[in-house]
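Asks: how does the following fold in three dimensions:
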Amino acid sequence: MTTLPSSRRALATLYGVAVLFLLMVVLAAGALSAEMRHRALDNAGGQVTRHVAAVQAALDRSLRRADSLVADMAARADGARLPQSAGPADHDTAGALLRHQVGQDPMVRQLAYVDEDLRIVASSNQRARGQRIDLPADLAHRLRPQPDATLVGNAPSDRRDGPSAGIHLVRRVVLADGRELLAAAEIPLAALTKLLEESADPPGLEVTLETADGTLLAGVPERDGRTSRPASVPTERINADGAPHLAPSRLGGHAAVVAARPAFQRQLLVTASLPQAEALAGWGRDRLAVAAGAAGFLAMILAAAAFSHVQLRRQRRDRQIILQSKLNLDQALESMVDGLVLLDSRDRVLAWNRRFVELFPWAEPAIAPHMPFRHLIEMTLDHLRGHGLDISQNAWLAGDLRRTRSVQDEQELALPGGRSILAVKSPMPDGGIVCVFRDTTERRQHIADVVKGKAQLQATLDALPDQLLEVGLDGRCFDFHCPRGVTSGLLVDQPVGLTLAEVLPPDGNTEVMAALREAYVAGRCTGRQFERRASQGTSWFEASVSRKPVGEGADARFIVILRNITETKTATQEIEHLAFYDTLTGLPNRRLLLHRLQGCVDNNARHNRQGALLFLDIDDFKRLNDAHGQAVGDDMLRQVAARLQGVL
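Replies: Predicted coordinates for the structure are as follows:
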């Protein structure tokens, strides 16, 4: 009665420990994920800080170069005398000087002197003289107390890259007669945007250039076809010390890591924003990896708890399984196709099955539990003697079981009617013996038939003069037979396990593989010939392939027969040489000429081409042949033929 409460306490302890481990894994995974997120934001902050510093430095360098040009213009014109009615020649001279200066800085689009009405007096652009420049009306008044240049930004219109889109660097100039002019340098926003685009890395980074009052002059990437619109956060709320912080991005307004730095005497503001979605993209993947690892640990903990639970339940079921196993064993003994007798350590019968009685029917009346097995053996010996069988063939029955009880043994028993029984004796750990009796009459007959058939097949194969290979569709050899004393068409002596490419010459491999493919479709292929060159000479072989009626696809099998046709091939070549070559000179005769000529004519007609036939006459050949004999004439013909072949 104490087993059930004890089992419940064990299960409660088991699952309590499992829950504790689960909580520890979850807390550790959460802490690791939070630390990785903080590290990802720190890395993003470092990136935007470096990018905004690089853009601010490049922008300051560019604007200082332009400011030096404006300062040079102001210094040259400050205190100079300019008549009220300056003529075109004076303006052209000033314009030429300005054009020379504007070429020193590729970012400056125009240098100009502007009067109090904001009209261009002289400019590097000749067509701009007299035009009104887009500057604030009170700009000259604001410049009087300022010694440095003032930057004026003109936001672009809805049309991208409008003519007024740019910034102006302006300095105040006082002429000798007290009049005031403005020295201005115009920098297009396109140049500044290009400067921002060069630093727009990593992907998703937003870089903006704004004025001190928050007007967006340029931004990368551009959105909705506009380069200027109010920034998403007022400049008063921006921390412009270059340190990264979390704030809405300057273009999209979504949560981002933002860094800002002032530029050019704090008249401009450069910002860089990296959206949190981009900054935390890698953290998302790492978080999934951590979650997967935590899930793996959780699964292992749960699996261990479940396994322990199963083990506890299994212990309770062991007794029932043992009882059921005994019942199953009894049923298995009755369903066996072999006879079985179980003996104890004193060689007494403990159990037997129905098949044993069927194999030894004379023992059925006498067999009983705890009966000495020696009585059954003596009954069997008497039965064999009554049928005139030699007892020496059944030495296992006549022997003493006690002397061989610790060794597994097998013996063939010869019974009346030509029956054969295989008796297997196996010792048990408790000292008992298991005796299994198997009827092997049909099996022995089948083995005898197989051995006889194999011997006949081997004799037939040895009588054939051809080599035989069993190969697959891929050319791999599975079996091989080669009669003794024949010239082999293979490159190796044992081709089993190798492919045809490894055991045949290249031409032979090509021909036999083509025959395999043809036989796979048609069932057989004959007439494929190839030659094998060796140190003993060249041999010719003919390959015939037949598909075996088993297997499909890669499991298909083929019989390849290689027959040596060297003598036939040699005789055919000699007959062909006698038919087409002159016996005295060894040169092609008229029959070969007509044969090749007909082939050329047919080929030209088939491809719509033309050909030519050259007739060559040897001067005084007949006189030379008559004067010196036919042997000299034949030798001369051979020399002429050799020289013609050497130059054609």
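Asks: residues of stretch 105-118 that come out buried?
Replies: Of all the residues in stretch 105-118, those buried under the rule 16 or more other C-beta atoms under 10 Å are 105, 107, 108, 109, 110, 111, 112, 113, 114, 118. Where C-beta positions appear, they are placed from N, C-alpha and C, glycine not excepted.
Asks: go on, stretch 50-63?
Replies: Residues of stretch 50-63 classed as buried by neighbour count (16+ other C-beta under 10 Å): 51, 52, 53, 55, 56, 58, 59, 60, 62, 63.
Asks: re the thing from before, quick one: which of the buried residues of stretch 105-118 is nearest residue 530?
Replies: Of all the buried residues of stretch 105-118, residue 107 has the smallest distance to residue 530: 78.3 Å, by C-beta to C-beta.
Asks: and the buried residues of stretch 50-63, which is closest to residue 431?
Replies: The shortest approach to residue 431 among these belongs to residue 51, at 88.3 Å (C-beta to C-beta).
Asks: can you verify the closest one is assigned to a helix?
Replies: Yes. Assessed with DSSP: H, G, I helix; E, B strand; the rest coil, residue 51 lies in a helix.
Asks: hmm, it is touching residue 207, no?
Replies: Yes. Shown here, residue 51 and residue 207 form a contact pair, counting by C-beta atoms under 8 Å, at 6.9 Å.
Asks: all helices for the stretch 451-600 of the chain, in order.
Replies: Defined through DSSP state H, counting those that start in this stretch, the helices belonging to the stretch 451-600 of the chain, from first to last, are 500-503, 506-522, 566-580, 590-607.
Asks: least reliable of those helices going by mean pLDDT?
Replies: For those, the bottom mean pLDDT is recorded on helix 566-580, which sits at a mean of 78.
Asks: tell me the buried residues in it?
Replies: Along helix 566-580, the positions that meet the burial threshold by neighbour count (16+ other C-beta under 10 Å) are residue 569.
Asks: which strands and helices sit next to that helix?
Replies: The criterion is 3 or more C-beta pairs under 8 Å, 6 or more residues apart in numbering; DSSP states H and E, and the helices and strands that helix 566-580 contacts are strand 537-547, helix 590-607.
Asks: got the angle between it and strand 537-547?
Replies: Here the directions of helix 566-580 and strand 537-547 differ by 110 degrees (axes from the mean of the first three to the mean of the last three C-alpha atoms, to 10 degrees).
Asks: pull the residues that contact helix 566-580.
Replies: Counting by C-beta atoms under 8 Å, 6 or more residues apart in numbering, the neighbours of helix 566-580 from elsewhere in the structure are 487, 529, 538, 539, 540, 541, 588, 589, 591, 592, 595.
Asks: Serialize those residues to CSV and add fields for distance to residue 195 and neighbour count.
Replies: Conversion of the contacts of helix 566-580 to CSV gives the following (distance: C-beta to C-beta, whole Å; neighbours: other C-beta atoms under 10 Å):
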residue, distance to residue 195, neighbour count
487, 84, 13
529, 78, 14
538, 79, 11
539, 81, 18
540, 81, 19
541, 79, 27
588, 84, 14
589, 89, 15
591, 89, 11
592, 84, 16
595, 83, 13
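Asks: report how many residues lie close to residue 41.
Replies: Residues contacting residue 41 under the criterion other C-beta atoms under 10 Å number 18.
Asks: I misspoke; the intended subject was residue 426.
Replies: The local packing of residue 426 (other C-beta under 10 Å) involves 13 other residues.
Asks: re earlier: so which of the helices and strands packed on helix 566-580 has the densest surroundings on average?
Replies: Greatest average neighbour count among the helices and strands packed on helix 566-580 goes to strand 537-547 (a mean of 19), per mean count of other C-beta atoms under 10 Å.
Asks: residues in contact with residue 108?
Replies: Contacts were defined as C-beta under 8 Å, 6+ apart; by that measure residue 108 touches 66, 69, 102, 185, 186, 187.
Asks: which ones among those map onto helices?
Replies: With DSSP state H as the criterion, helices contain 66, 69, 102 from among those.
Asks: among those residues, which one has the most neighbours?
Replies: When the ones in helices among the contacts of residue 108 are compared by neighbour count (other C-beta under 10 Å), residue 66 ends up highest, at 24 neighbours.
Asks: isn't that residue right up against residue 107?
Replies: Yes. With contact defined as C-beta under 8 Å, residue 66 counts as touching residue 107 (6.5 Å).
Asks: any shared contact partners between the two?
Replies: Counting by C-beta under 8 Å, 6+ apart, the common neighbours of residue 66 and residue 107 are residue 187.
Asks: that older thread, can you tell me which of the buried residues of stretch 105-118 is nearest residue 563?
Replies: When these are compared for distance to residue 563 (C-beta to C-beta), residue 107 comes out closest, at 88.9 Å.
Asks: quick check: closest non-adjacent residue to the closest one.
Replies: Residue nearest to residue 107 in three dimensions, not counting chain neighbours: residue 191, with 4.6 Å by C-beta to C-beta, 6 or more residues apart in numbering.
Asks: distance of the one you found from residue 483?
Replies: Residue 191 sits 92 Å away from residue 483, going by C-beta to C-beta, to the nearest Å.
Asks: likewise residue 364?
Replies: Distance, residue 364 to residue 483, by C-beta to C-beta: 58 Å.
Asks: residue 383 touches residue 376, doesn't it?
Replies: No. Using C-beta under 8 Å, residue 383 makes no contact with residue 376, being 10.6 Å away.
Asks: the two: who's more crowded?
Replies: residue 376 (21 against 16).
Asks: just to revisit the earlier point, as JSON lines, the helices of the stretch 451-600 of the chain with distance to residue 446 would be great.
Replies: Formatted as JSON lines, the helices of the stretch 451-600 of the chain follow (distance: least, C-beta to C-beta, whole Å):
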{"stretch": "helix 500-503", "distance to residue 446": "35"}
{"stretch": "helix 506-522", "distance to residue 446": "32"}
{"stretch": "helix 566-580", "distance to residue 446": "44"}
{"stretch": "helix 590-607", "distance to residue 446": "63"}
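Asks: need phi/psi at the residue lying farthest from the centre of the chain.
Replies: The outermost residue of the chain, judged against the average C-alpha position, is residue 177 (82.8 Å), by C-alpha atoms, centre = their mean. According to degrees, to the nearest 10, the main-chain angles of residue 177 amount to phi -90, psi 10.
Asks: and stretch 507-519, how far out from the chain middle?
Replies: Shown here is stretch 507-519, whose average C-alpha point lies 32 Å from the average C-alpha point of the whole chain (C-alpha atoms, centre = their mean, to the nearest Å).
Asks: before we move on, back to that, can you say which of the helices of the stretch 451-600 of the chain is nearest to residue 556?
Replies: Nearest to residue 556 among the helices of the stretch 451-600 of the chain is helix 506-522; the distance by C-beta to C-beta comes to 6.1 Å.
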